[in-house]
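**Q** any chance you could fold what I've pasted below:
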Amino acid sequence: MEFTHISVLLNESIDGLNINPDGIYVDGTAGGAGHSCKIASNLSENGMLIALDRDPDAVAVATERLSVYKNARVIRSNYSQIREVLDELGIDKVDGVLMDLGVSSHQLDTGSRGFSYHVDAPLDMRMSQDGISAADIVNGYSEKELAKIIFEFGEEKFSRQIAANIVKAREIAPIQTTMELAEIVKNSVPQKVRREKNPCKKTFQAIRIAVNGELEHLSKGIDEAFYSLKSGGRLAVITFHSLEDRLVKQRFAGWCKGCTCPPDFPQCVCGKEPEGKLVNRKPIEAEKEELENNNRSRSAKLRIIERS
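**A** Take a look at the predicted model:
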(Lines give C-alpha, C1' and ligand atoms only; values in the text may rest on other atoms or scores of the structure.)
Protein backbone atom coordinates (compact mmCIF):
# COMPACT_ATOMS: atom_id res chain seq x y z
CA MET A 1 0.00 0.00 0.00
CA GLU A 2 1.31 3.45 -0.93
CA PHE A 3 1.10 5.60 2.20
CA THR A 4 2.67 9.03 1.92
CA HIS A 5 2.83 11.20 5.01
CA ILE A 6 5.51 13.71 5.95
CA SER A 7 5.82 13.89 9.73
CA VAL A 8 5.43 17.44 11.00
CA LEU A 9 7.84 18.93 13.58
CA LEU A 10 9.64 15.59 13.67
CA ASN A 11 12.90 16.60 15.35
CA GLU A 12 11.22 19.14 17.62
CA SER A 13 8.73 16.60 18.98
CA ILE A 14 11.38 13.90 19.51
CA ASP A 15 13.67 16.39 21.26
CA GLY A 16 10.71 17.54 23.34
CA LEU A 17 10.05 14.01 24.61
CA ASN A 18 13.61 13.93 26.03
CA ILE A 19 13.75 10.20 25.32
CA ASN A 20 15.12 7.78 27.89
CA PRO A 21 16.60 4.86 25.86
CA ASP A 22 15.20 2.35 28.38
CA GLY A 23 11.81 4.05 28.64
CA ILE A 24 8.29 3.20 27.50
CA TYR A 25 6.71 5.52 24.94
CA VAL A 26 3.35 5.77 23.23
CA ASP A 27 2.73 7.29 19.80
CA GLY A 28 -1.00 7.88 19.92
CA THR A 29 -1.24 8.61 16.20
CA ALA A 30 1.08 6.24 14.33
CA GLY A 31 0.01 7.31 10.82
CA GLY A 32 2.87 6.60 8.41
CA ALA A 33 5.12 5.77 11.40
CA GLY A 34 7.47 8.73 10.87
CA HIS A 35 7.44 9.81 14.51
CA SER A 36 7.18 6.19 15.67
CA CYS A 37 10.31 5.11 13.78
CA LYS A 38 12.24 8.05 15.15
CA ILE A 39 11.21 7.21 18.72
CA ALA A 40 11.98 3.50 18.26
CA SER A 41 15.42 4.27 16.81
CA ASN A 42 16.27 6.16 20.01
CA LEU A 43 15.36 3.24 22.29
CA SER A 44 17.59 0.47 23.60
CA GLU A 45 16.54 -3.17 23.62
CA ASN A 46 15.12 -2.49 27.09
CA GLY A 47 12.91 0.34 25.82
CA MET A 48 9.44 -0.04 24.32
CA LEU A 49 7.28 1.82 21.81
CA ILE A 50 3.52 1.33 21.58
CA ALA A 51 2.10 2.85 18.39
CA LEU A 52 -1.66 3.37 18.16
CA ASP A 53 -3.94 4.33 15.28
CA ARG A 54 -7.61 3.83 14.55
CA ASP A 55 -7.17 3.88 10.76
CA PRO A 56 -6.64 0.30 9.49
CA ASP A 57 -4.56 1.63 6.57
CA ALA A 58 -2.20 3.35 9.02
CA VAL A 59 -2.00 0.25 11.22
CA ALA A 60 -0.98 -1.91 8.25
CA VAL A 61 1.70 0.53 7.09
CA ALA A 62 3.03 1.25 10.60
CA THR A 63 3.24 -2.48 11.32
CA GLU A 64 5.37 -2.99 8.21
CA ARG A 65 7.62 0.03 8.77
CA LEU A 66 8.18 -0.71 12.46
CA SER A 67 8.86 -4.43 11.90
CA VAL A 68 12.60 -3.73 11.96
CA TYR A 69 12.33 -2.61 15.59
CA LYS A 70 11.91 -5.47 18.05
CA ASN A 71 10.93 -3.02 20.77
CA ALA A 72 7.88 -1.66 18.87
CA ARG A 73 4.25 -2.78 18.91
CA VAL A 74 1.42 -1.49 16.73
CA ILE A 75 -2.15 -1.66 18.01
CA ARG A 76 -5.35 -0.57 16.30
CA SER A 77 -6.90 1.76 18.86
CA ASN A 78 -7.87 5.37 19.37
CA TYR A 79 -5.58 7.49 21.54
CA SER A 80 -8.57 8.14 23.81
CA GLN A 81 -8.24 4.48 24.85
CA ILE A 82 -4.59 4.72 25.88
CA ARG A 83 -5.29 3.73 29.48
CA GLU A 84 -7.20 0.63 28.37
CA VAL A 85 -4.35 -0.37 26.03
CA LEU A 86 -1.72 0.07 28.74
CA ASP A 87 -3.79 -1.91 31.24
CA GLU A 88 -4.11 -4.78 28.76
CA LEU A 89 -0.32 -4.75 28.35
CA GLY A 90 0.21 -4.69 32.11
CA ILE A 91 1.85 -1.26 32.01
CA ASP A 92 1.17 1.24 34.77
CA LYS A 93 3.16 4.34 33.78
CA VAL A 94 5.08 5.46 30.69
CA ASP A 95 7.93 7.88 30.03
CA GLY A 96 6.31 9.81 27.24
CA VAL A 97 3.33 10.17 24.90
CA LEU A 98 3.16 11.85 21.50
CA MET A 99 -0.10 12.85 19.81
CA ASP A 100 -0.03 14.26 16.26
CA LEU A 101 -3.62 15.36 15.74
CA GLY A 102 -5.86 15.94 12.76
CA VAL A 103 -6.15 14.26 9.39
CA SER A 104 -3.10 12.63 7.79
CA SER A 105 -1.69 13.43 4.36
CA HIS A 106 -2.61 9.89 3.28
CA GLN A 107 -6.24 10.42 4.27
CA LEU A 108 -6.38 13.76 2.45
CA ASP A 109 -4.59 12.49 -0.64
CA THR A 110 -6.61 9.28 -0.94
CA GLY A 111 -9.60 10.73 -2.74
CA SER A 112 -11.84 7.73 -2.09
CA ARG A 113 -11.70 8.42 1.67
CA GLY A 114 -13.86 11.51 1.15
CA PHE A 115 -11.80 13.99 3.20
CA SER A 116 -10.82 16.30 0.35
CA TYR A 117 -12.93 18.95 -1.36
CA HIS A 118 -10.57 18.86 -4.37
CA VAL A 119 -11.44 15.30 -5.46
CA ASP A 120 -14.89 13.91 -6.22
CA ALA A 121 -15.58 10.92 -3.98
CA PRO A 122 -18.27 9.45 -1.73
CA LEU A 123 -18.89 11.60 1.37
CA ASP A 124 -17.12 9.49 3.99
CA MET A 125 -14.43 11.16 6.18
CA ARG A 126 -14.23 8.26 8.66
CA MET A 127 -10.72 7.84 10.05
CA SER A 128 -11.57 4.41 11.44
CA GLN A 129 -13.46 3.44 8.25
CA ASP A 130 -16.47 2.40 10.32
CA GLY A 131 -19.34 4.12 12.14
CA ILE A 132 -21.31 7.22 11.08
CA SER A 133 -20.14 8.85 7.84
CA ALA A 134 -20.16 12.42 6.55
CA ALA A 135 -23.07 11.48 4.27
CA ASP A 136 -25.07 10.33 7.30
CA ILE A 137 -24.57 13.70 8.98
CA VAL A 138 -25.15 15.84 5.89
CA ASN A 139 -28.33 13.98 4.93
CA GLY A 140 -29.64 13.12 8.38
CA TYR A 141 -29.01 16.00 10.77
CA SER A 142 -31.48 18.86 11.14
CA GLU A 143 -30.72 22.30 9.76
CA LYS A 144 -30.16 23.59 13.29
CA GLU A 145 -27.76 20.73 14.11
CA LEU A 146 -25.81 21.27 10.89
CA ALA A 147 -25.51 25.01 11.49
CA LYS A 148 -24.26 24.36 15.03
CA ILE A 149 -21.62 21.87 13.87
CA ILE A 150 -20.39 24.11 11.04
CA PHE A 151 -20.26 27.18 13.30
CA GLU A 152 -18.67 25.54 16.35
CA PHE A 153 -16.28 23.08 14.68
CA GLY A 154 -15.52 25.12 11.57
CA GLU A 155 -15.79 28.62 13.04
CA GLU A 156 -17.71 29.46 9.86
CA LYS A 157 -19.72 32.71 10.03
CA PHE A 158 -21.90 31.64 7.08
CA SER A 159 -22.91 28.41 8.85
CA ARG A 160 -26.66 29.11 8.84
CA GLN A 161 -26.80 29.79 5.11
CA ILE A 162 -24.68 26.72 4.34
CA ALA A 163 -26.90 24.53 6.54
CA ALA A 164 -30.06 25.92 4.95
CA ASN A 165 -28.76 25.21 1.45
CA ILE A 166 -27.69 21.69 2.42
CA VAL A 167 -31.23 20.96 3.58
CA LYS A 168 -32.74 22.46 0.39
CA ALA A 169 -30.44 20.37 -1.81
CA ARG A 170 -31.08 17.09 -0.02
CA GLU A 171 -34.84 17.58 -0.31
CA ILE A 172 -34.34 17.13 -4.05
CA ALA A 173 -31.84 14.25 -3.80
CA PRO A 174 -29.41 12.91 -1.17
CA ILE A 175 -26.00 14.61 -1.12
CA GLN A 176 -23.62 11.75 -1.86
CA THR A 177 -20.26 13.15 -2.97
CA THR A 178 -17.63 15.62 -1.85
CA MET A 179 -18.05 17.76 -4.96
CA GLU A 180 -21.80 18.03 -4.42
CA LEU A 181 -21.21 19.32 -0.90
CA ALA A 182 -18.41 21.61 -2.06
CA GLU A 183 -20.67 23.23 -4.66
CA ILE A 184 -23.37 23.84 -2.07
CA VAL A 185 -20.86 25.50 0.25
CA LYS A 186 -19.43 27.67 -2.53
CA ASN A 187 -22.90 28.84 -3.52
CA SER A 188 -23.72 29.70 0.10
CA VAL A 189 -21.06 32.34 0.65
CA PRO A 190 -20.57 35.78 -0.94
CA GLN A 191 -18.62 35.95 -4.19
CA LYS A 192 -15.92 38.02 -2.49
CA VAL A 193 -15.23 35.16 -0.06
CA ARG A 194 -15.02 32.66 -2.93
CA ARG A 195 -12.44 34.83 -4.68
CA GLU A 196 -10.20 35.17 -1.61
CA LYS A 197 -9.86 31.46 -0.76
CA ASN A 198 -11.63 28.12 -1.05
CA PRO A 199 -14.66 28.47 1.25
CA CYS A 200 -15.04 24.70 1.70
CA LYS A 201 -12.21 24.24 4.19
CA LYS A 202 -14.13 25.24 7.32
CA THR A 203 -17.27 23.23 6.54
CA PHE A 204 -15.32 20.09 5.60
CA GLN A 205 -13.23 20.44 8.77
CA ALA A 206 -16.38 20.81 10.87
CA ILE A 207 -18.09 17.75 9.42
CA ARG A 208 -14.88 15.69 9.72
CA ILE A 209 -14.54 16.64 13.39
CA ALA A 210 -18.18 15.64 14.00
CA VAL A 211 -17.85 12.35 12.10
CA ASN A 212 -14.79 11.29 14.08
CA GLY A 213 -15.67 12.80 17.46
CA GLU A 214 -12.24 14.42 17.38
CA LEU A 215 -12.61 16.91 20.22
CA GLU A 216 -14.25 14.38 22.56
CA HIS A 217 -11.46 11.88 21.86
CA LEU A 218 -8.83 14.59 22.33
CA SER A 219 -10.24 15.70 25.68
CA LYS A 220 -10.33 12.14 27.00
CA GLY A 221 -7.06 11.18 25.33
CA ILE A 222 -4.86 13.93 26.77
CA ASP A 223 -6.29 13.28 30.25
CA GLU A 224 -5.51 9.58 30.03
CA ALA A 225 -2.10 10.27 28.51
CA PHE A 226 -1.07 12.80 31.16
CA TYR A 227 -2.14 10.65 34.09
CA SER A 228 -0.36 7.64 32.57
CA LEU A 229 2.99 9.47 32.74
CA LYS A 230 5.66 8.75 35.30
CA SER A 231 6.99 11.70 37.29
CA GLY A 232 9.23 13.50 34.81
CA GLY A 233 7.44 11.93 31.84
CA ARG A 234 6.37 14.16 28.99
CA LEU A 235 3.28 14.59 26.83
CA ALA A 236 3.84 16.25 23.43
CA VAL A 237 0.81 17.28 21.35
CA ILE A 238 0.83 18.67 17.80
CA THR A 239 -2.35 20.56 16.88
CA PHE A 240 -3.47 21.91 13.51
CA HIS A 241 -6.37 24.25 14.22
CA SER A 242 -7.49 26.65 16.94
CA LEU A 243 -10.11 24.35 18.49
CA GLU A 244 -7.54 21.63 19.19
CA ASP A 245 -4.88 24.06 20.31
CA ARG A 246 -7.22 25.92 22.68
CA LEU A 247 -8.28 22.68 24.35
CA VAL A 248 -4.67 21.51 24.79
CA LYS A 249 -3.46 24.92 25.99
CA GLN A 250 -6.21 25.21 28.61
CA ARG A 251 -5.77 21.65 29.87
CA PHE A 252 -1.99 22.11 30.18
CA ALA A 253 -2.52 25.41 32.03
CA GLY A 254 -4.86 23.69 34.49
CA TRP A 255 -2.29 21.00 35.28
CA CYS A 256 0.40 23.64 35.86
CA LYS A 257 -1.73 25.69 38.22
CA GLY A 258 -1.14 25.27 41.95
CA CYS A 259 -3.22 26.96 44.63
CA THR A 260 -6.87 27.58 43.70
CA CYS A 261 -7.77 29.58 46.84
CA PRO A 262 -9.45 32.98 46.33
CA PRO A 263 -6.87 35.79 45.96
CA ASP A 264 -8.04 37.49 49.17
CA PHE A 265 -7.14 34.45 51.33
CA PRO A 266 -4.13 35.32 53.54
CA GLN A 267 -2.67 31.83 53.04
CA CYS A 268 -3.33 28.67 51.04
CA VAL A 269 -5.84 26.26 52.52
CA CYS A 270 -6.51 24.11 49.43
CA GLY A 271 -3.07 22.49 49.45
CA LYS A 272 -3.20 22.00 45.67
CA GLU A 273 0.20 21.58 44.03
CA PRO A 274 0.96 21.90 40.30
CA GLU A 275 0.72 18.51 38.56
CA GLY A 276 3.03 19.47 35.72
CA LYS A 277 5.18 22.17 34.17
CA LEU A 278 5.35 23.49 30.64
CA VAL A 279 8.46 22.53 28.70
CA ASN A 280 7.85 25.33 26.19
CA ARG A 281 6.00 28.50 27.23
CA LYS A 282 4.95 29.25 23.66
CA PRO A 283 4.00 26.61 21.10
CA ILE A 284 6.79 25.43 18.80
CA GLU A 285 6.07 26.04 15.11
CA ALA A 286 7.73 24.87 11.91
CA GLU A 287 10.93 26.55 10.76
CA LYS A 288 11.27 28.14 7.32
CA GLU A 289 12.89 25.05 5.76
CA GLU A 290 10.09 22.74 6.87
CA LEU A 291 7.44 25.20 5.71
CA GLU A 292 9.05 25.23 2.26
CA ASN A 293 9.14 21.42 2.09
CA ASN A 294 5.77 20.66 3.68
CA ASN A 295 2.98 23.18 3.22
CA ARG A 296 0.78 21.31 5.70
CA SER A 297 3.15 22.19 8.54
CA ARG A 298 2.17 25.87 8.39
CA SER A 299 -0.64 25.54 10.95
CA ALA A 300 1.10 23.02 13.24
CA LYS A 301 1.74 23.92 16.88
CA LEU A 302 3.64 21.71 19.32
CA ARG A 303 3.00 21.98 23.07
CA ILE A 304 4.86 19.87 25.64
CA ILE A 305 4.18 19.32 29.33
CA GLU A 306 6.22 17.41 31.93
CA ARG A 307 4.47 15.67 34.79
CA SER A 308 5.60 16.58 38.30
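
**Q** can you report phi and psi for residue 230?
**A** In terms of degrees, to the nearest 10, the main-chain angles of residue 230 are phi -70, psi 160.

**Q** what's the local residue count around it?
**A** Summarising burial for residue 230: neighbours were counted as other CB atoms under 10 Å, giving 15. (Glycine included, C-beta is placed from N, CA and C.)

**Q** residues touching the residue nearest to it when sequence neighbours are not counted, list them.
**A** Excluding the flanking residues, the one nearest residue 230 by CB to CB, 6 or more residues apart in numbering is residue 93, at 4.2 Å. Shown in contact with residue 93 (CB atoms under 8 Å, 6 or more residues apart in numbering): 24, 228-230, 233.

**Q** who are the neighbours in contact with the spatially most central residue of the chain?
**A** For the chain, residue 101 is the residue whose C-alpha lies nearest the centre (CA atoms, centre = their mean; 2.0 Å). For residue 101, the contacting residues are 29, 214, 218, 237-240, 244, taking CB under 8 Å, 6+ apart as the criterion.

**Q** now tabulate the residues you listed in TSV and tack on neighbour count and secondary structure.
**A** Output for the contacts of residue 101, formatted as TSV (neighbours: other CB atoms under 10 Å; DSSP: H, G, I helix; E, B strand; the rest coil):
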residue	neighbour count	secondary structure
29	25	coil
214	22	helix
218	23	helix
237	32	strand
238	29	strand
239	23	strand
240	19	coil
244	20	helix
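
**Q** okay if I get those residues as TSV plus pLDDT and distance to residue 285?
**A** Shown next, in TSV, are the contacts of residue 101 (pLDDT from 0 to 100; distance: CB to CB, whole Å):
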residue	pLDDT	distance to residue 285
29	95	19
214	95	21
218	97	19
237	98	14
238	97	10
239	97	11
240	94	11
244	96	14
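
**Q** just checking, residue 73 is part of a strand?
**A** Yes - note on residue 73: a strand contains this position according to DSSP: H, G, I helix; E, B strand; the rest coil.

**Q** skipping adjacent residues, who's closest to it in space?
**A** With CB to CB, 6+ apart as the measure, residue 50 is the residue that lies nearest to residue 73, at 5.3 Å, once sequence neighbours are left out.

**Q** list the residues that contact the one you found.
**A** Neighbouring residues of residue 50 by CB under 8 Å, 6+ apart: 24-27, 72-73, 75, 85-86, 89, 91, 94.

**Q** now residue 258
**A** 272-274.

**Q** so where do the strands sit in the protein?
**A** Counting by DSSP state E, the chain has strands at residues 24-27, 48-53, 72-76, 94-100, 229-239, 276-278, 301-307.

**Q** mind listing what the longest one pairs with, with the direction of each?
**A** This means strand 229-239. The partner list of strand 229-239 in its sheet, established with DSSP bridges, is strand 94-100 (parallel), strand 301-307 (antiparallel).

**Q** from the chain's centre, how far out does it sit?
**A** A distance of 15 Å separates the C-alpha centroid of strand 229-239 from that of its chain, computed with CA atoms, centre = their mean, to the nearest Å.

**Q** what does it contact?
**A** Strand 229-239 is touched from outside by 8-9, 13, 16-18, 93-102, 222, 225-226, 245, 248, 279, 283, 300-308, with contacts defined as CB under 8 Å, 6+ apart.

**Q** about what we covered before: need the strands of the chain in TSV (columns: distance to residue 208).
**A** Output for these, formatted as TSV (distance: least, CB to CB, whole Å):
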stretch	distance to residue 208
strand 24-27	21
strand 48-53	16
strand 72-76	20
strand 94-100	16
strand 229-239	15
strand 276-278	29
strand 301-307	19
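
**Q** and residue 288, which of the ones you listed is closest to it?
**A** Counting by CB to CB, residue 288 lies closest to strand 301-307 out of those; the figure is 16.1 Å.

**Q** make a ChimeraX selection of the buried ones in the contacts of residue 50.
**A** Here is the ChimeraX command that selects only those of the contacts of residue 50 that count as buried (16 or more other CB atoms under 10 Å):
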select :24,25,26,27,72,75,85,86,94
